[in-house]
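J.: sequence unknown, structure follows:
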């Protein structure tokens, strides 16, 4: 029966208290006792605490469940807010318990019905603050006294101050509905129920009662009634009202605490008001139905108010959150409400981009994570890192994901920054990119602030945060796949933000002296690491070796530095470097779309006569043009993000640690405190062999991008470390299985020597030129990879090698001015003959091939140009094919001609310094054949085929090329072996070519008179050598096949037997073959020069054959001489 008489609000509240395990219960206790019914069925009921005036015993306080005990006033909040928040109150001692107050209540007269009330704090038995029958100081409103007995004015009395302060804070009026504003113009809320109760109490005292005053004794009823009345008004929101009250009471609490005139009583009043206000704010958030108010469906009220400026009356300030956090231990409802609000903010943010109003959401998160208990609660949210989340949903459905997905690289944001990009000038683009970078930097600072709070709050929150980062990198392995649907992975903007934040988490341990680098545990990956590497390509180990190595677990625990270091390396691989690769892919796709648009436009005339088809055509073309514009905008935005010098400086700082850590791993020394010694040990450390390949790949990709696009940000110290790592792994290339990683190291050096306005030798050139470490190891390192590049293993390996070798030529050209490098090359030719011969042989092969391809391309260009000048006989399809063939020929000619120029120029440098090295028997004939062939092409009968329009467009400069060839001839001409080799070239050597070359030199003034004289003398010497060689060949006559080399068809000088095919060839022939192909040319079996068997028997036969032929010819000459002189020849046969 008791339950049936409870008001709706009381029932809701009692259920809430029962859930909290409070002292009150829905079915009994003082707070559950209903008030007597009013005069009518519609009259509201008073709580039992007010209805029962005969009881003087103190009532249990149901609000103790929210963290405040009866007879205990809450202590003042002393937590320090952030700089943007209202400052907290000064520290103060907790006030004593307020005196017990006597409650009184009578049924309200019908003329002033009282609203339904809920009392959450019982009133003590006796109080000077609440009027009662026995309060001698009370006077009726009709006869107010102007002055108290102690001489103070009534306005200065404690009661007047209390009334005035509480009315100002809660903006309520006891004067009825006719008053709508206070003296300051602030809107006030009438509380007629409380006024009626106070009036009844005053009337009971007789005609001498005091004026109606608001006291803490009736404040609870006043707050509840005011909030209900606000909710009853159209559009009224009790939460807005209560939060405004909180701002005012918090402000008053600070002022009272600082005011030296404030006594203990005032502090007690304000603190009690503050406590009650907070309690009802919590009710409004968690139990809005208590006020007969129903918030809009699907709208989280706490989340809504967290988005309001904390300084605004409707906003959630630092003091409010601090007070709410204090109650977490006793009541988890506010904790749950805050977590749900944060989740709601996250869900809303997931639907936004940087074009939307995202900043209040980020600020709300930053304000929340200032409190450790909230961070702890958020980390425990099911939404923080739900298991099994797909990579494309991580940035939408996890708690932190939507914060990280905000980026100017989002398509709609990029279009907002770069509208109509193809019509904009460079200055506009740069200004837009600068604005974009500033916006993103600010956002990334905020992300780091939020994440650092999770990292620093507790071990539990740190572990949860690291788990989330691990889920991000582990689920995005597809981002480095060759062909992947971007809808199945996280976005570039999201991953870049993750990478940047992880970079910043590493900053505390990345000092300039590497003092904490030893904390990075090499055994991290063998202790159940967060980073998944099972399917990663390893540095130099196959899958079986790797699996076996990592199956052997190591005891111990992983420290935070190791955790974040390995996570950051993985994040760079799948984040920044993947975004860079995606940028290149997008640029190719946009270029393809532009070509398609051009092709469509050429078809426009076909639809011009049909308006309907023309409209369809226009729509299709517009669709492609929109895609092109969007692509250009994303490209510019991505470039703007990646070219941020601050972000890249942080990235380079981290890469310094990766470089140093790897160099320590492979060398076994404490680099850089101890110098590095090359070559590295022959036995590679197993931990390095099984390391994921992306450790070095990240370094390569990062510095390739920086040295190409923003070399000015590299410091001198970083230059030294960069050169060290490049030469270490090029000099010891067997440590790295992937040839493209080594090619990347070459590219870094190539970009580093490219001339810049302030650096004529590039950012690395001066260091490469003079550094003792570089002088000692660079030349051998690049020559070694020049040889290895012959076979990269890729499907484009034949063309890859030319790009690699072109970059090597630029590096050598930069350093060649240092005589020490020339001495090193001479030492290679002298002490490492096979290595040197292999290098030169491949160099000569390249010159021959690229010049042939260039000439073929020039011929095709000439023929196709002539055909396309008269296109009347060509249909559209054939014309299109011819145009595509012409474009391909032009591109081929440009590429090959560039490499021809560089290779010939490099030969000129080498032969000028190392004549003996290039006239060795293993080299000289091939070199002479190449020079004769190229000279014949430039000045021989077929030189007319080289006539093309605009030859400079293909870097075809025949005069310079001829001049370089002549220099090489002159450089080597002093060596007889070279002159004989030129003369023996039966395919391309023609004395007429020497004459034609001289004529051209004289005509265009290519050479000085001394060089012309040297050329003439060389021509005569080669002609004499040719004549002598022909005489020897004539003397030998018909050579038996068994004495001829089966490959070159020349008389063998040093015959050897190949071990597997048992074929006899000349040693020089097989040596030359093995330089480019390490197999037996007759059965393709592996072969090394050391394995060939000298064929002494055949060699003896050849020598005997030559001696016999020589004797026969000598006898014939003597006979001819004697016959001519009439003297009988001497018989020498006896």
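T.: Cool, got the structure. All figures in this text were calculated on a predicted structure; none of them were measured in a lab.

J.: any buried residues in the helix or strand harbouring residue 722, and which?
T.: Using DSSP states H and E, residue 722 maps to helix 716-731. Neighbour-count burial for helix 716-731 flags 718-731 (criterion: 16 or more other C-beta atoms under 10 Å). From N, CA and C alone the C-beta is placed, and that goes for glycine too.

J.: and the average pLDDT for that helix is what?
T.: Mean per-residue pLDDT for helix 716-731: 94.

J.: which helices and strands sit right next to the helix or strand immediately after that helix in the chain?
T.: Per DSSP H and E, the first helix or strand lying C-terminal to helix 716-731 is helix 739-752. Packed against helix 739-752 by the contact rule (3 or more C-beta pairs under 8 Å, 6 or more residues apart in numbering; DSSP states H and E) you find helix 694-709, helix 716-731, helix 762-770, helix 772-788, helix 797-815.

J.: contact partners of the helix holding residue 722?
T.: For helix 716-731, the surrounding residues in contact (C-beta atoms under 8 Å, 6 or more residues apart in numbering) are 652, 656, 659-660, 662-663, 666-667, 672, 676, 678-680, 696, 699, 703, 714, 735-736, 741-742, 745-746, 748-749, 752, 763-764, 767-768, 771, 773-774, 777-778, 780-782, 784-785.

J.: now which of those would you call buried?
T.: Those of the contacts of helix 716-731 that meet the buried threshold are 652, 656, 659-660, 662-663, 666-667, 672, 676, 678, 680, 696, 699, 703, 714, 735-736, 741-742, 745-746, 748-749, 752, 763-764, 767-768, 771, 773-774, 777-778, 780-782, 784-785, by 16+ other C-beta under 10 Å.

J.: what segments of the stretch 501-650 of the chain are helices?
T.: Assigned by DSSP state H, counting those that start in this stretch, the helices in the stretch 501-650 of the chain fall at 543-550, 560-574, 576-602, 611-642, 645-667.

J.: make a markdown table out of these and add distance to residue 324.
T.: Listed next are the helices of the stretch 501-650 of the chain as a markdown table, based on distance: least, C-beta to C-beta, whole Å:
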| stretch | distance to residue 324 |
| --- | --- |
| helix 543-550 | 48 |
| helix 560-574 | 31 |
| helix 576-602 | 40 |
| helix 611-642 | 38 |
| helix 645-667 | 37 |
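
J.: ok, which of those comes nearest residue 849?
T.: The closest of those to residue 849 is helix 576-602. By C-beta to C-beta, the value is 27.4 Å.

J.: that closest one to helix 645-667, inter-axis angle?
T.: Orientation of helix 576-602 against helix 645-667 (axes from the mean of the first three to the mean of the last three C-alpha atoms, to 10 degrees) gives an angle of 120 degrees.

J.: could I get the average pLDDT for helix 576-602?
T.: 92.

J.: try stretch 741-754
T.: Here the average pLDDT along stretch 741-754 is 95.

J.: ok, stretch 197-216 next?
T.: Mean predicted confidence for stretch 197-216 is 78.

J.: how far away is residue 465 from residue 388?
T.: Separation of residue 465 from residue 388 (C-beta to C-beta, to the nearest Å): 19 Å.

J.: pretty sure residue 288 contacts residue 301?
T.: Yes: assessed by C-beta atoms under 8 Å, residue 288 is found in contact with residue 301 at 7.1 Å.

J.: pLDDT weak spots in the protein?
T.: 1-156, 177-179, 206-210, 1125-1134 (pLDDT under 70).

J.: care to break it down by domain?
T.: 158-327, 389-521+559-643, 824-1036, 1055-1120 (the TED database).

J.: so what's the gap between the second one and the chain middle?
T.: On the basis of C-alpha atoms, centre = their mean, to the nearest Å, the separation between the geometric centre of domain 389-521+559-643 and that of its chain is 8 Å.

J.: and of the helices of the stretch 501-650 of the chain, who's closest to residue 1019?
T.: Per C-beta to C-beta, nearest to residue 1019 of the helices of the stretch 501-650 of the chain: helix 576-602, 51.0 Å.
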